[in-house]
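Q: predicted model and sequence below, questions to follow.
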Amino acid sequence: MELSALRLRLQALSVLRELLGGPLLRAYSDTLDALQSDAHTFSACYGALCAARFHAQDVYQAALDAVRFDANALTDALADPDPVLLDAATHDIDVLNALLALDGAVLKEDAARRFNEPALRDLPGFPPSAPLPFRDGAALASYYRAQGYGFFAQSSAFAVQDDGTFTPIVHPDPIRLSDLPGYERQKQQIISNTLAFLDGREANNILLYGDKGTGKSSTVKAVVNEYAGRGLKIIEMSPRHITVFPQIFEETLRSPFRFIVFLDDLSFNREDDNFAALKAFIEGGLAGKPDNLVLYATSNRRHLIRESFADRQGDEVSTRDALETVTSLSDRFGLEITFSVPDKDEYLFIVDQLAAESGLALPAEQLHLLAERFALRRNGRSPRTARQFISHQLAERYH
């Protein structure tokens, strides 16, 4: 494709027009425009293009990511895209592939000839990149259906910021269920509910409550990692961000993915406005929860609210009202799963499993004796204590 024609066709992107705002395509566009200007302008724009390519490192992957992370008219009409829309998408793909096929020598030679400036041939060069894995609009639509699209395609995990925006977590915790020995019944309950959710069947919001260090949060993250390949995402948010639920609902409603909104370590005062807000969002609020979203929460308190002895004083009616207030939020979670402190046998089973996985070779009697002593010096038996014990032993072994 001639550079002048490519320049015009690039400006006519329609379905993928938002990509023009990205650094890579903007640099290509500026460089092609500069061919109509002068040698100095071209040199500056060409340098910026090289910088954008170097920053991207893998230009092919950067272009593919830009297409996948886009939400556009085609993603809105995937169920039955209009032929005109598919033709427009084909045009845009042709343009992107023509850009990827360019090498620096072609641009430099054209500019040197246009501006009669041989020094332009000495600018840095770059090779062509591979074409995108789809050649027309129909293939792009199939790619979107298979791989998903939009902002949430960027990661399997996201964090909520104070202003209600989302940040992709580039390197989420890689923990897997195989890393979490013990608590098999609890894990199976969460897995069954999550699979029902992924299959589009009725699924419950889950409250995981129990003692600290028992693996509640790790289990939720591990389940997401197990099924990320099926389009499961996790949005981790602090209880102080509960008021941004309407924004979360709006952003996830049109996404092709399925989301676990994860509220870790929930605990409220009775006067906390977020207590009432969360109740409304889970059930009965005006902003209906999307079908592609469930809430998983952890807490050290079954009823999520700090009670005082005074809450249980007074006449029968006021006491009953106080207790109903306390239980009103936890009752809205369809599934409550208890993570209790393990007894001695279960604790030592976890120690044995972790020792085997880490290659820690100690006689069972010695291993168990040391593990029990370690638990006594720490905060008692728990999966966290077991993991800390193994780490301590490995550190001493290689010291």
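A: Now that the structure is in, tell me what you want to look at.
Q: which residues of the stretch 251-399 of the chain fall in strands?
A: Assigned by DSSP state E, counting those that start in this stretch, the strands in the stretch 251-399 of the chain fall at 258-263, 293-299, 335-339.
Q: what segments of the stretch 51-200 of the chain are helices?
A: Taking DSSP state H, counting those that start in this stretch, the helices of the stretch 51-200 of the chain run over residues 59-68, 73-76, 83-101, 104-115, 137-147, 184-198.
Q: mean neighbour count, mean pLDDT and distance to residue 25 for those - can I get that in CSV?
A: The way it works is simple: take the backbone N, C-alpha and C, and place the C-beta from them, glycine included. As requested, these are exported to CSV (neighbours: other C-beta atoms under 10 Å; pLDDT from 0 to 100; distance: least, C-beta to C-beta, whole Å):
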stretch, mean neighbour count, mean pLDDT, distance to residue 25
helix 59-68, 18, 97, 7
helix 73-76, 17, 96, 17
helix 83-101, 18, 98, 7
helix 104-115, 17, 96, 15
helix 137-147, 17, 96, 16
helix 184-198, 16, 96, 35
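Q: can I get those helices in CSV including distance to residue 12?
A: Shown next, in CSV, are the helices of the stretch 51-200 of the chain (distance: least, C-beta to C-beta, whole Å):
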stretch, distance to residue 12
helix 59-68, 17
helix 73-76, 15
helix 83-101, 7
helix 104-115, 20
helix 137-147, 15
helix 184-198, 40
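Q: of the ones you listed, which is nearest residue 176?
A: Taking C-beta to C-beta as the criterion, residue 176 comes closest to helix 184-198 out of those, the separation being 11.3 Å.
Q: so what strands line up beside the helix or strand that the closest one is followed by?
A: Following helix 184-198 in sequence order, the next helix or strand is strand 206-210 (DSSP states H and E). Using DSSP bridges, the neighbouring strands of strand 206-210 in the sheet come out as strand 293-299 (parallel), strand 335-339 (parallel).
Q: any idea which of these is most buried?
A: Mean neighbour counts were taken over those using mean count of other C-beta atoms under 10 Å, and the top value, a mean of 23, falls to strand 293-299.
Q: mind saving the C-alpha coords of that strand as CSV?
A: Output of strand 293-299 as CSV, limited to C-alpha atoms (Å, rounded to 0.1, in the frame of the first residue of the first chain):
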residue,chain,number,x,y,z
LEU,A,293,-21.0,-10.6,39.1
VAL,A,294,-21.0,-12.2,42.5
LEU,A,295,-19.6,-11.1,45.9
TYR,A,296,-17.1,-13.1,47.9
ALA,A,297,-16.2,-11.6,51.3
THR,A,298,-14.0,-12.7,54.2
SER,A,299,-14.4,-11.7,57.8
